[in-house]
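Visitor: Need a 3D model of the sequence below.
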Amino acid sequence: MVFFVLWMNREPMVKRIIPISSGKGGVGKTSFAVNLALLLSKFGKCILVDLDTGTSSIRKTIHAPVRRDLYHFFKKNEPLSRCITPLDDRLDPAGVFSRFGFIASPRHMIESIVNMDQAARNHLIDAINGLDADFIILDLKAGLDPGVIDFMPHSNTGILVFTPHHPAATLAASDIAKAILFRELRELFHAGSALYQHFPGVNPCEINQLIDLTEDVYEPEPANLDNFLALLKARLPRHPFVQILRSIVHRFRVYYVLNRFDGVDDSYETAVKPLVDNISRNISAGLKIGNLGWVIESDAYHKTNMKQVPYIIGGGGPVKVKKKDVVAGHMEALYELAGIRKKPETPQAPLQATEPPAVESLLDGQLRAIQGLYAAKSGESVMQNFDYIVSSLRYLFKNKRLSEFGTGRLLKKGELVPRLIAQKLRRDAALRNQ
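Guide: As a prediction, this is how the structure comes out:
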């Protein structure tokens, strides 16, 4: 344990906020979020925030005394940092999870907290951004509304959790990716956006009409964002505006975890295939999709949840701490297969010249990924499933920018455009000073 503390002190940490969402209830999202947060606390300070404010799911999953929760934050003006609940001695007698804490939702429904208005969401976003932690896990409520989307990154999905046993949840999860992308497009390119000052010759009304038509599933054209980009390219050939839009779409990343995994065929046909098919046909075939792993069907996993003792504590056996932050060579191939390891880029194929792949190609890639993972990981326990998922995340932490997985800071409505313009001005100034 002494070695672990010394090693942790040497590892540089950058705060990363990771939302976990599902689109539909009943897929095991909160159980997954709790157990993942506990394991991540072995590698840094981790705070789990319950944003499912109508059900208070986390306090029903962790039987620990809660002194303050989001009620005290909103109604008693308590700082969010004072609403963190650690594990008590009964759950963690040896202090193994001393770096873990959770912020609970109110015990009972309070309408103004369940249905937060924009001002309340902004207040909470500022407080979450101000938390002192290496990892902040947001357990979002099921569904798709501003109470979910406002707490998502702009350039990736965080972690989507769904299951082969709930087809509607799979489609809802893909709709989350669509909602995030269209939120970004609308915020960047609404009629009054300051970005148009940098793109002469672009008609804001025309752009927003196209965005409306693309988002509307009842309109046959444009069918998705790939068609949208093709139309813009025809109308504005070689215009940097089109290249920026293409970059926004094709750099977006989708990450998912399958819960209650029960085999390749069922998981692919009833979960992965519908997800990829819906994303590629109705959003874009150019999105990057990463399989972070799965959690097998397990009675022990569900029984510990019912006892309000997370599996990692009550059913997973002793928690092992790796003494080295090393990704074994054979894991690199799995990460590439699963879509989380970036293949070497070819300078001959720049982003603006790359067309999205066919849907069939994407589906084949995801099937090969799940088959490859199964060949390497079949027969493993729930604890080993989580070990692989945490390994995948740590690989992303090490090799991906903050914008590629989770985010370092949640942005409030209206902050994106000024942030991008400020970044552009800084880059321009740096180039002038060279």
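Visitor: Next, count neighbours for the nearest residue to residue 179 once chain neighbours are set aside.
Guide: The shortest distance from residue 179 to any non-neighbouring residue, by C-beta to C-beta, 6 or more residues apart in numbering, is to residue 149 (5.3 Å). Yep, even glycine has a C-beta here, placed from its N, CA and C like the rest. Residues within reach of residue 149, counting by other C-beta atoms under 10 Å, total 17.
Visitor: Check the gap between residue 303 and residue 275 for me.
Guide: Residue 303 is 29 Å from residue 275, where distance means C-beta to C-beta, to the nearest Å.
Visitor: Looking at the two, which one has more neighbours?
Guide: Using other C-beta under 10 Å, the more surrounded residue of residue 303 and residue 275 is residue 275, with 22 against 13.
Visitor: Wait, the more buried one touches residue 173, no?
Guide: Yes. Counting by C-beta atoms under 8 Å, residue 173 is a contact partner of residue 275 at 6.4 Å.
Visitor: any residues in contact with both of the two?
Guide: 162, 256 (C-beta atoms under 8 Å, 6 or more residues apart in numbering).
Visitor: And the helices in the stretch 201-350 of the chain?
Guide: With DSSP state H, counting those that start in this stretch, the ranges of helices along the stretch 201-350 of the chain come out as 204-215, 225-235, 240-250, 264-267, 273-282, 299-306, 311-314, 329-338.
Visitor: and the closest residue to residue 83 other than its chain neighbours, helix, strand or coil?
Guide: Spatially, and ignoring its direct neighbours in sequence, residue 83 is nearest to residue 68 (4.4 Å; C-beta to C-beta, 6+ apart). Of the three states, residue 68 takes coil under DSSP: H, G, I helix; E, B strand; the rest coil.
Visitor: Contacts only, for residue 68.
Guide: 78, 82, 83, 85.
Visitor: Which of those sits closest to residue 189?
Guide: Closest approach to residue 189 among the contacts of residue 68 (C-beta to C-beta): residue 83, at 37.3 Å.
Visitor: ok, the closest one to residue 103 distance?
Guide: Applying C-beta to C-beta to residue 83 and residue 103 gives a distance of 5 Å.
Visitor: joint contacts of those two?
Guide: In contact with both residue 83 and residue 103: 69, 70, 73, using C-beta under 8 Å, 6+ apart.
Visitor: Quick check on the residue nearest to residue 179: phi, psi?
Guide: phi -60, psi -40 (degrees, to the nearest 10).
Visitor: Now intersect the contacts of residue 68 with the strands, please.
Guide: residue 85 (DSSP state E).
Visitor: What subset of the contacts of residue 68 is buried?
Guide: With burial judged by 16 or more other C-beta atoms under 10 Å, the buried subset of the contacts of residue 68 is 78, 83, 85.
Visitor: Can I get these in a markdown table including distance to residue 407?
Guide: Converted to a markdown table, those look like this (distance: C-beta to C-beta, whole Å):
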| residue | distance to residue 407 |
| --- | --- |
| 78 | 25 |
| 83 | 21 |
| 85 | 24 |
